[in-house]
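Visitor: My questions are about this predicted structure, shown below with the sequence.
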Amino acid sequence: MRAELGEDVFAAWLKCLELESLTGKDACLSVPTKFLKSWIVSHYADKLLPMLAAEFPTIKRISLVIRSSARPALALAVPASSGSPPGRAAAALAPAPTASQAAAAPPVAKRPAFAQPDDETLAGSPLDRRLTFANFLVGASNQLAHAQALRIAHAAPGEALLYNPLYVHASVGLGKTHLLQAIAHAAASERRRVVYLTAERFMYGFVSALKAQTALAFKEKLRAIDILVIDDIQFLQGKSIQQEFCHTLNALIDSGRQIVTAADRPAGDLESLDERVRSRLAGGLSVEIGALDDELRVKILEARIAAAKAIHPGFDVPAPVVTYVASVIRTNGRDLDGAVNRLLAHASLNSTPISVETAEGAIRDLVRTPEPKRVKIEDIQKLVATHFNVSRADILSSRRTASVVRPRMVAMFLSKVLTPRSLPEIGRRFGGRDHTTVLHAVRKIAGLVASDPALSEEIELLKRMLLE
C-alpha cells in the first residue's frame with residue numbers, strides 16, 4: 001500500500017492500521033478513531049481485502065473496529081497487569097471453531113468487505129477532553145457567549161428554547177471551538193443526545209451516506225438528537241449539502257431541538273452559503289466573541305503557566321513578564337499558548353530566571369502588528385448614506401435621480417477599494433446589480449477623484465472614518 005499510494009498518503013491514513021486477529025474466513029483490523037475507520041471503509045476497502053487474501057488465502061471478509069472497543073468475538077482482552085498498553089486491550093488470536101460448533105452455528109449472512117454498525121451511521125467529530133466549561137476563562141469579550149452556552153448545555157428536558165439557533169462568530173483563536181465542545185461535553189454528561197460536528201465532518205458523513213445508500217438513516221439519526229453542534233460552518237460547501245443542512249435546521253427547530261453553530265464571521269457575510277441557510281442562522285441569537293482584553297489575556301497566561309508548572313515545577317514566570325507578554329501579544333489565545341511554550345523552552349535550555357528582556361527575545365516572532373480593520377459593505381452603505389443625506393434603502397433601490405446615483409457609485413467604489421469582494425459580489429449587495437454596473441461606477445468615481453479635488457477629499461474622509 002505504501003508503494004502504491006506514496007509515503008504521505010500511507011502515513012496519513014494507513015500507518016495506524018493494525019491486524020487484531022484472524023479467525024476462519026474473517027480478518028479483524030483496528031484503528032484508533034471512528035473518523036479513520038469511516039475514511040478507510042470508504043476509500044481503501046476494495047484494496048485491502050485482495051491484499052490480505054493474497055497473504056492469507058482463507059480470508060474472505062474484513063471487519064474494522066476501534067481499538068478501544070475491539071469485538072470480544074475477535075479479540076480476547078487480558079488483564080492490564082500482563083503488560084498490555086494502557087487504554088487498550090491486548091489482542092490474541094481466537095481459537096478456530098470445532099466442526100460441531102461450525103455445524104451448529106447459524107448461517108452467516110453475506111456482508112460487505114467491511115462491516116459497519118448502524119449506530120455509526122452518524123459519528124460525531126472527536127472531542128478534546130480539555131475543552132470544558134471548567135477550563136473556559138470568561139472576560140468582557142466572551143461573557144454573553146459563555147452565558148448562553150451554559151444555559152443551553154444545562155437546560156432541563158422540555159424547557160422552552162429561548163434562542164434557536166445560537167450562532168457564535170469570532171476570529172481565529174478566540175474560543176469558539178472551546179465553547180462549542182464545552183456544550184457537547186456538558187450536555188452529554190447529563191445524558192442528553194448531542195452530536196458535535198465540524199462542517200467538514202458533516203459533509204463527509206452526508207456524502208458517505210449517499211454513496212452507501214443510507215442517506216435516509218443518516219437524516220433520521222441526525223434529526224433524532226437533542227442538540228446539534230456544528231463548528232466552522234463557513235466551510236460548508238455544495239448545493240445539495242447546503243440544502244440538506246437547511247432541511248435539517250428546519251426539522252430540528254420545528255421539533256424543539258437546539259442548534260449551536262459557529263463561524264469566523266457574521267452569518268450575513270457567509271456569501272458561500274445559500275441565502276436560506278444564512279437567514280436561518282441569523283434568525284436566532286448571533287453572538288460575537290470579541291478580541292481578548294488585557295485582563296483576559298493575563299488570566300489566560302496565568303492559567304497556561306500554572307498548567308506548565310504542574311509538569312515542570314521549576315518553571316516560574318514573574319508577574320512583570322506576564323504583564324509584558326499580555327501587552328504585546330494581543331491577537332488570540334493560540335499565540336499566548338505559543339508564548340508560554342517559548343518561555344518554558346527558554347527556561348529549560350538556559351536554566352536562568354526569565355526576565356522581561358529574555359521574554360522579549362523569546363517571543364519576538366509572535367509579536368504582530370495589528371491587522372487593518374476589516375470593512376463591511378453594509379458599513380460602507382450606511383456611512384455613505386448618512387454622509388450624502390439619503391437612506392440606505394435609496395442606495396439599494398433602482399432609483400436613478402442624481403441625489404441617489406452619486407452616493408451609490410461612491411459606495412460601490414469604496415466597496416471595491418476597501419473590501420476583498422469581487423465585482424459580482426458587490427453587485428449582489430447593491431440590490432442584485434450586474435457586475436458591469438459596479439465596474440462602470442468604480443471607473444467613473446476613480447476618474448472624478450483624479451479631476452475633482454473636493455470629491456477626492458470627501459472620499460479620503462470616508463476612508464478614514466471606515467478604517468478607524
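Guide: That came through, no problem.
Visitor: burial of the residue nearest to Leu366 when sequence neighbours are not counted, as a residue count?
Guide: Ranked by C-beta to C-beta, 6 or more residues apart in numbering and with sequence neighbours excluded, the top spatial neighbour of Leu366 is Asp335, at 5.2 Å. From N, CA and C alone the C-beta is placed, and that goes for glycine too. If you count neighbours by other C-beta atoms under 10 Å, Asp335 ends up with 19.
Visitor: CA atoms only for stretch 128-142, dumped as CSV, please.
Guide: Output of stretch 128-142 as CSV, limited to C-alpha atoms (Å, rounded to 0.1, in the frame of the first residue of the first chain):
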residue,chain,number,x,y,z
ASP,A,128,-11.0,17.3,23.2
ARG,A,129,-11.5,16.4,26.9
ARG,A,130,-9.7,19.6,27.9
LEU,A,131,-12.2,21.9,26.3
THR,A,132,-14.8,22.1,29.0
PHE,A,133,-16.6,24.9,30.8
ALA,A,134,-14.3,24.4,33.8
ASN,A,135,-11.3,25.4,31.6
PHE,A,136,-13.0,28.3,29.8
LEU,A,137,-11.8,31.7,31.0
VAL,A,138,-14.5,34.4,30.9
GLY,A,139,-13.9,38.0,30.2
ALA,A,140,-15.9,41.0,28.9
SER,A,141,-15.4,39.9,25.3
ASN,A,142,-16.9,36.4,25.7
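Visitor: Sketch out the low-pLDDT regions of the stretch 151-300 of the chain for me.
Guide: In the predicted model, the stretch 151-300 of the chain carries pLDDT under 70 at residues 215.
Visitor: centre of the chain versus the helix or strand hosting Leu383, how much separation?
Guide: Using DSSP states H and E, Leu383 maps to helix 377-387. Mean C-alpha position of helix 377-387 versus that of the full chain (C-alpha atoms, centre = their mean, to the nearest Å) differs by 32 Å.
Visitor: counting contacts, what elements does it pack onto?
Guide: Counting contacts by 3 or more C-beta pairs under 8 Å, 6 or more residues apart in numbering; DSSP states H and E, helix 377-387 is packed against helix 392-396, helix 402-418, helix 423-429, helix 453-467.
Visitor: of those, which approaches Ala217 most closely?
Guide: Proximity of those to Ala217 was assessed by C-beta to C-beta; the nearest stretch is helix 423-429, lying at 37.3 Å.
Visitor: Check the burial of the nearest residue in space to Ser42 that is not next to it in sequence by counting its neighbours.
Guide: In space, and not counting its chain neighbours, Ser42 is closest to Ser208: 5.5 Å by C-beta to C-beta, 6+ apart. By other C-beta under 10 Å, 19 other residues sit near Ser208.
Visitor: Which strands and helices lie in contact with the longest helix along the chain?
Guide: If you go by DSSP state H, the chain has its longest helix at helix 34-55. Counting contacts by 3+ C-beta pairs under 8 Å, 6+ apart, helix 34-55 packs against strand 26-31, strand 61-66, helix 199-211.
Visitor: Repeat the analysis, applying 10 Å as the threshold.
Guide: helix 2-5, strand 18-23, strand 26-31, strand 61-66, helix 199-211 (3 or more C-beta pairs under 10 Å, 6 or more residues apart in numbering; DSSP states H and E).
Visitor: Take those and lay them out in TSV including distance to Lys444.
Guide: Below are the helices and strands packed on helix 34-55 laid out as TSV (distance: least, C-beta to C-beta, whole Å):
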stretch	distance to Lys444
helix 2-5	56
strand 18-23	67
strand 26-31	61
strand 61-66	63
helix 199-211	40
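Visitor: re the thing from before, from Leu439, how far out is the residue nearest to Leu366?
Guide: Per C-beta to C-beta, to the nearest Å, Asp335 is found 40 Å from Leu439.
Visitor: Ok, Pro318 next?
Guide: As judged by C-beta to C-beta, Pro318 and Leu439 stand 58 Å apart.
Visitor: Run a quick neighbour tally on Ile380.
Guide: Ile380 has 25 nearby residues by other C-beta under 10 Å.
Visitor: just to revisit the earlier point, is the residue nearest to Ser42 in contact with Phe35, as I believe?
Guide: No. Applying C-beta atoms under 10 Å as the test, Ser208 and Phe35 come out as separate, 11.1 Å apart.
Visitor: just to revisit the earlier point, quick one: the helix holding Leu383 to helix 453-467, angle?
Guide: 130 degrees (axes from the mean of the first three to the mean of the last three C-alpha atoms, to 10 degrees).
Visitor: tell me which residues of helix 377-387 are tucked away?
Guide: By neighbour count on 16 or more other C-beta atoms under 10 Å, the buried set for helix 377-387 is Ile377, Asp379, Ile380, Gln381, Leu383, Val384, Ala385.
Visitor: Throw those residues into a markdown table and include distance to Val9 and pLDDT, thanks.
Guide: Formatted as a markdown table, the buried residues of helix 377-387 follow (distance: C-beta to C-beta, whole Å; pLDDT from 0 to 100):
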| residue | distance to Val9 | pLDDT |
| --- | --- | --- |
| Ile377 | 42 | 91 |
| Asp379 | 45 | 90 |
| Ile380 | 46 | 93 |
| Gln381 | 48 | 93 |
| Leu383 | 51 | 92 |
| Val384 | 52 | 92 |
| Ala385 | 54 | 92 |
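Visitor: Go through those and name the one nearest Ile363.
Guide: Lowest distance from Ile363 to the buried residues of helix 377-387 (C-beta to C-beta) belongs to Asp379, with 33.8 Å.
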